[in-house]
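Undergrad: Here is the input, now give the coordinates:
(chains A, B, C and D)
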Protein chains: 4
Amino acid sequence: MTTPPLRVTVWGEDRHERVDPQVAELYPDGMHATIADAIREHHGDAVEVRTATLDQDDDHGLSDEVLAGTDVLTWWGHMAHEDVRDEVVDRVHEQVLAGMGLVVLHSGHWSTIFRRLMGTTCRLRWRNEQDRELVWTVDPTHPITRGVPQPIEIAAQEMYGEFFDIPVPDELVFVSSFSGGEVFRSGCTFRRGHGRIFYFSPGDQDYPVYHHPDVRRVVANGVAWARSDRVQRAVPWIDRRDVGQFEAPT
Amino acid sequence: MTTPPLRVTVWGEDRHERVDPQVAELYPDGMHATIADAIREHHGDAVEVRTATLDQDDDHGLSDEVLAGTDVLTWWGHMAHEDVRDEVVDRVHEQVLAGMGLVVLHSGHWSTIFRRLMGTTCRLRWRNEQDRELVWTVDPTHPITRGVPQPIEIAAQEMYGEFFDIPVPDELVFVSSFSGGEVFRSGCTFRRGHGRIFYFSPGDQDYPVYHHPDVRRVVANGVAWARSDRVQRAVPWIDRRDVGQFEAPT
Amino acid sequence: MTTPPLRVTVWGEDRHERVDPQVAELYPDGMHATIADAIREHHGDAVEVRTATLDQDDDHGLSDEVLAGTDVLTWWGHMAHEDVRDEVVDRVHEQVLAGMGLVVLHSGHWSTIFRRLMGTTCRLRWRNEQDRELVWTVDPTHPITRGVPQPIEIAAQEMYGEFFDIPVPDELVFVSSFSGGEVFRSGCTFRRGHGRIFYFSPGDQDYPVYHHPDVRRVVANGVAWARSDRVQRAVPWIDRRDVGQFEAPT
Amino acid sequence: MTTPPLRVTVWGEDRHERVDPQVAELYPDGMHATIADAIREHHGDAVEVRTATLDQDDDHGLSDEVLAGTDVLTWWGHMAHEDVRDEVVDRVHEQVLAGMGLVVLHSGHWSTIFRRLMGTTCRLRWRNEQDRELVWTVDPTHPITRGVPQPIEIAAQEMYGEFFDIPVPDELVFVSSFSGGEVFRSGCTFRRGHGRIFYFSPGDQDYPVYHHPDVRRVVANGVAWARSDRVQRAVPWIDRRDVGQFEAPT
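TA: Here you go, the predicted structure:
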């Protein structure tokens, strides 16, 4: 039995890259292109990766058709969370509950879709001053940690610190420290409906973080992990049931 | 040191009671009155309980002032979730994140406030045909289980069954079975922001469940548990921080 | 990249089968043989399954060499937990902490190895009187639930009920009900050291449970899930570290 | 209704204090005396605190009678874990499962009782070179965090770092960082049987950590949290049950 290729859509806000020369220099084809490359680099023929961006069309590149053909969506946004149309957020929300995997990256913690899935403010402590970040594995049995050193060293990064106002993660995979002494739950998984969600915090636009080999590996591992095992894509939907009225496998 | 009384607001939809004679017979002063009595019965002078209802005023009895003076809010609704104004849901959501406790009862699983805090559909399997419900304790170390038998027997109840589309609870306290063989995670806790949430499923309007002594005890235990230990009521809100810029206790 | 076959060792106590004609009729080659077949049936060439039994030799078939060549061990025992030598329990314990997967079945809840990994009594409520068991999925995102109906129906089984004295599972996958109205956390995962553990309760010697197609599927799914992603088999072992003295991927 | 005083037994290994002048200077009456004072300081008449030490008698001060009269036991040991008699470990283990609270401090992570309750190696990364430790709250709804700053600053401490080989905690309360950039899950809770366990890592014998006001507060909060709500002290013990054979509250 052959597993069909994992269909990944890498969503990028793609604004900083077009207005800020420093960001454009780090990510000349957009951050989404670099992230897409990381996934291809690790999974090769086992993935089909496409990208979509905020200003691409009215759907931000995320039509019903695109989402229906997406096993796992990755999300990076920062300066324009407000510009994502509610209708598209509704659509992504429904697909996640139906079983589409979601990998939320860095400042995506403040996106409408992430906050809606979490139910909390998703606020955090931050400082953009070239802190060194060390990303420590606290769950070495987790597939997302495969092949990463202990710790991942990121020479310079924006600091994200606790308290990070999220629900208690279903699995805490990574915890980071920063030069200033702050800590952060930097790798967290959540189940919502039939969907799996991985939040991974390294990755500010001002730093070459998505070129870092270990970060690339974690993103690739996370995408593989977030794929659903379910055959059908469907929002949980049961209703009145008679005694003995049961459901076949789905 | 004396602990000040726990200020509880019992919110009731109070519609079935006024349109359905059978419900009115079971709960002549409204379900909220019966629930309020249960809390007073167990906590006496240690609580100050008031009630609020959907049609009481434009705020559904939940003005900013009322919520500011509420340590723990209980929520029962069923036929009119849509009639709760968004502005009031926003207000309750913010207060929960700021530290107000929330006890969601039975069909409140489908309320806007609960679904917003959970981020999922909160759907479930159901059947309203006089099933016997047994409520089993699976975490005997939890304070909410204090004084309850193993199991609680409820002679007749609406069936709620799995899959219940909620996030994985932070603590699973009770699991119920029903005559039809269904099971349900009937007692669950969640942390959201600074607030504690307890969901407890027994309690349909068609049955005298809130007169059941063990159910009354669990509701009272849940209210006590949901009270915050924090001194100040505030939504998590941190922002940029310099190195070494820390926070005093709150 | 080809994944090497999953090496499974199915351990069976194999005593009931040899002293009780009724059990021998249900499992003429021993329960371990039936369980091994279930795993082969679902995984085909992707697995290499061998069996080992209590009275096979002084190591109960679990020499250092066998364990070193085992990715996942399954454990069924009931009447002779005391006869498993401490030295073998030590060995299995160490291998689990080093990354060997462990699938503990039914009355294996009372085995020395399971109790040592849990740290609790692992006691439970039971009754062997042909209860019908329904096994409900409460985490439909979990790979162990792939392909199973909601619920699995087992016509006759020993009842296992709460309170089941285990640590809170890392993941609660299945909850069962029984004719008598009892409930049981029947599918639970735990991480210990580098190892993954799955406990699955259906399966008494007096019933043909391991011939049930859905039970066979769950056992096969569980074995696949318990396989470690780590390259090396090693007990967690770090010690003094200088500043900046970090570890490469393992 | 008046709550009876919380009966705490502070257990100290009390060896370093008697052989190492530097430790004796920091803790002239033994570390246990300082810890006991911290608990009294915060709870006053609401506690009755006694101490017990390794070399006090054959029971290490922990006779059946002492344990039966102890609501919560705190445990600090380091150089002599091997000298704690198995019989006493058995006794403490049984009492924890029966509902006695346990607060394990610092190097107590390597004690026989803690490892037996956890089922893992409880190994960790360490370095004793005056690292600054910052203890961050990651669960601000937890009663153990009441009154502590964000973060607690400890000027000099032994470093404890990940991977810490424990089961996934039931609640992760604190995460620490160290000057060297390491992180550590420094405040964790676990349920085992009817007992509540709190592990808190600050506190090496070479530093005046138990004189630190915030550390003292956390130890006091932890002791209060670990107290059982159950009326009776009993190891979970159920057995065969007929249909409908249920248990009264305990």
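
Undergrad: From now on I want contacts and neighbour counts done on CA atoms only, so please keep to that.
TA: Noted.

Undergrad: Would the strand ranked longest in chain A count as contacting chain C?
TA: Scanning chain A for the longest strand, with DSSP state E as the assignment, gives strand A:125-137. No: judged by CA under 8 Å from any CA of the partner chain, strand A:125-137 stays clear of chain C, getting no closer than 10.3 Å.

Undergrad: Please list the residues of chain A that sit near chain D.
TA: Within chain A, the residues that sit near chain D (CA under 8 Å from any CA) are A:134, A:136-140, A:162-164, A:175-179, A:181-183.

Undergrad: that older thread, and the longest strand of chain A, what does it pack onto?
TA: Under the contact criterion of 3 or more CA pairs under 8 Å, 6 or more residues apart in numbering or on different chains; DSSP states H and E, strand A:125-137 touches strand A:152-161, strand A:171-178.

Undergrad: just these: most buried one?
TA: strand A:171-178 (a mean of 25; mean count of other CA atoms under 10 Å in any protein chain shown).

Undergrad: Chain neighbours aside, what residue packs nearest to A:P151?
TA: A:W136 (4.6 Å; CA to CA, 6 or more residues apart in numbering or on different chains).

Undergrad: Also A:S228?
TA: For A:S228, the spatially nearest residue (CA to CA, 6+ apart) is A:G99, at 6.0 Å.

Undergrad: On the pLDDT front, check the one you found for me.
TA: Here the pLDDT value assigned to A:G99 is 98.

Undergrad: Is any residue of stretch A:103-122 near chain C?
TA: No: figure legend: stretch A:103-122 not in contact with chain C (CA under 8 Å from any CA); closest approach 15.5 Å.

Undergrad: for that stretch, how far is the first residue from the last?
TA: Distance between the two ends of stretch A:103-122: 15 Å, counting by CA to CA, to the nearest Å.

Undergrad: which residues touch it?
TA: Contacting residues not belonging to stretch A:103-122 are listed as A:72-78, A:81-82, A:89, A:92-93, A:123, A:164-167, A:192, A:197-204, A:222-223, A:226, B:97, B:116-120, B:192-193, B:236 [CA atoms under 8 Å, 6 or more residues apart in numbering or on different chains].

Undergrad: where's that stretch relative to the chain centroid, distance-wise?
TA: 10 Å (CA atoms, centre = their mean, to the nearest Å).

Undergrad: circling back to that earlier point, would you format the helices and strands packed on strand A:125-137 as TSV with distance to chain B included?
TA: Shown next, in TSV, are the helices and strands packed on strand A:125-137 (distance: least, CA to the nearest CA, whole Å):
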stretch	distance to chain B
strand A:152-161	9
strand A:171-178	10
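
Undergrad: want to try CSV for those, with distance to D:E65 and mean pLDDT as columns?
TA: Listed next are the helices and strands packed on strand A:125-137 as CSV, based on distance: least, CA to CA, whole Å; pLDDT from 0 to 100:
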stretch, distance to D:E65, mean pLDDT
strand A:152-161, 47, 97
strand A:171-178, 41, 98
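
Undergrad: right, and those strands - which one's nearest C:Y210?
TA: Distance to C:Y210, taken as CA to CA, is lowest for strand A:171-178 among the helices and strands packed on strand A:125-137, at 31.5 Å.

Undergrad: need the contact list for the spatially closest residue to A:V231 that is not a sequence neighbour.
TA: Spatially, and ignoring its direct neighbours in sequence, A:V231 is nearest to A:T250 (6.0 Å; CA to CA, 6+ apart). When contacts are counted by CA under 8 Å, 6+ apart, A:T250 touches A:230-232, C:147-149.

Undergrad: Turn the buried ones among these into a named ChimeraX selection, would you?
TA: To isolate the buried ones among those in ChimeraX, judged by 16 or more other CA atoms under 10 Å in any protein chain shown, type:
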select /A:230 /C:147,148,149
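
Undergrad: Count residues in the vicinity of the residue nearest to A:S228, would you?
TA: For A:G99, the neighbour count with other CA atoms under 10 Å in any protein chain shown is 30.

Undergrad: do the same with A:E82
TA: 10.

Undergrad: Show me the shaky parts of chain A.
TA: A:1 (pLDDT under 70).

Undergrad: Write out the residues of it neighbouring chain B.
TA: Going by CA under 8 Å from any CA, the residues of chain A near chain B are A:97, A:116-121, A:123-127, A:163, A:165-168, A:170, A:180, A:190-193, A:236-244.

Undergrad: Mark which of those are buried, thanks.
TA: A:97, A:116-121, A:123-127, A:163, A:165-168, A:170, A:180, A:190-193, A:236, A:238, A:241.
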